[in-house]
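kindly generate the corresponding structure for this input.
(one chain, ligands or ions: 1)
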Amino acid sequence: MRFAHISDLHIDSCKQVIYGVNPCKNLEKALAILSGLEDLGAVILSGDISNDGKEASYLLADAMLSELSVPVYCVMGNHDNRVVVKRLLEENKLTTMHFVKETVLAGYKFQFLNTVKEVSPGENMSRGFISREDIERVDLDARLFSGNCILVMHHPAFEVGGWMDARILMNREEFKSMVSGHPNIVAVLAGHNHCPSELTVAGCFYSIAPSVSTTFDSRGDRFQEIYRPAFDVYTIMGKSLSKDTLPI
Ligand SMILES: [Fe+2]
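Reported below is the predicted structural model:
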């Protein structure tokens, strides 16, 4: 089974260009590639689905993603609007995007974590924070699950160097300490940086997906567009997990 990890779509309700990039056009290109992939079982979307947090942007993203015949499991990013998404879910207006705490795919348990701290209703911080409650939930679930686990969240839990490190998960050491106690947590998948990176810590593979929309360089100027949109595709074969990055 294969699954795709896409991130930071930044769909705008008015289909506007952001940092010189049209996010809708990039998503269309990504979907065309995804549609041709064999053995694709699911898509993981690690947040910043919307750029402006408006209802129309989520309806547009959901309609575009419905071209795929596989479920799309999402977490929210700092650009997303929890109030709007909650209402759309209650009104059954999102048919393709699923917001669940966990699911099992090919024997792997995927746990979806919220790292977006709300400072006031609908307003989020750029930096990430994971609650004590969520850390304890993952800790318990990983202990009780006999197979491998993959964690999905928006904010990265490791430094990449440069300006992006001021915006990542604040309590990352507490989080990584918990993860390191579970050899069956084999991967932690994040987004947010718009710049791909990976690191193995105590046997766990931490990966930051490239962005489908705007793309930056951790060593370059802040938010300077470099146009290298891409996404990751993982292949699960028994206990082995491998990653390929596909440019858009
Ligand atoms: Fe983003």
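
switch to C-alpha atoms for all contacts and neighbour counts from now on
Noted.

mind pulling up the pLDDT for the residue nearest in space to the middle of the chain?
By C-alpha atoms, centre = their mean, the chain has its centre lying nearest to residue 46, at 1.1 Å. Residue-level confidence at residue 46 comes out at 98, pLDDT.

interface residues of this structure facing the ion?
Counting by C-alpha under 5 Å from the ion, the chain comes close to the ion at 8, 48, 192.

which stretches of the protein form strands?
Taking DSSP state E to define them, one finds strands in the chain at 2-6, 40-46, 72-75, 97-98, 102-105, 108-112, 116-120, 123-128, 149-152, 185-190, 197-201, 204-208, 230-237, 240-247.

out of those strands, which is closest to residue 81?
Evaluated over the strands of the chain, closeness to residue 81 peaks at strand 123-128, with 7.5 Å, by C-alpha to C-alpha.

so residue 8 makes contact with residue 44?
No: contact between residue 8 and residue 44 fails when scored by C-alpha atoms under 8 Å: they sit 11.3 Å apart.

look at the two and report which has more neighbours.
It is residue 8, of residue 8 and residue 44, that has more neighbours when counted by other C-alpha atoms under 10 Å, with 28 against 24.

for that one, which non-adjacent residue is closest in space?
Of all residues beyond its chain neighbours, the one nearest residue 8 is residue 48 (4.6 Å), with distances taken as C-alpha to C-alpha, 6 or more residues apart in numbering.

next: residue 236.
residue 1 (5.5 Å).

what does residue 64 give?
Spatial nearest neighbour of residue 64, chain neighbours left out: residue 28 (7.6 Å); criterion: C-alpha to C-alpha, 6+ apart.

list the contacts of residue 131.
Residues touching residue 131, when contacts are defined by C-alpha atoms under 8 Å, 6 or more residues apart in numbering, comprise residue 115.

quick check: residue 237 vs residue 1, distance?
With distances defined as C-alpha to C-alpha, to the nearest Å, the gap from residue 237 to residue 1 amounts to 7 Å.

what residues do the two have in common as contacts?
By the contact definition C-alpha under 8 Å, 6+ apart, residue 237 and residue 1 are jointly contacted by no residue.

in this structure, which spans are helices?
Listed in chain order, the helices of the chain (DSSP state H) span 23-35, 55-65, 82-90, 132-144, 172-180.

now these in a markdown table, with mean neighbour count?
As requested, the helices of the chain are arranged in a markdown table below (neighbours: other C-alpha atoms under 10 Å):
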| stretch | mean neighbour count |
| --- | --- |
| helix 23-35 | 18 |
| helix 55-65 | 19 |
| helix 82-90 | 15 |
| helix 132-144 | 14 |
| helix 172-180 | 16 |
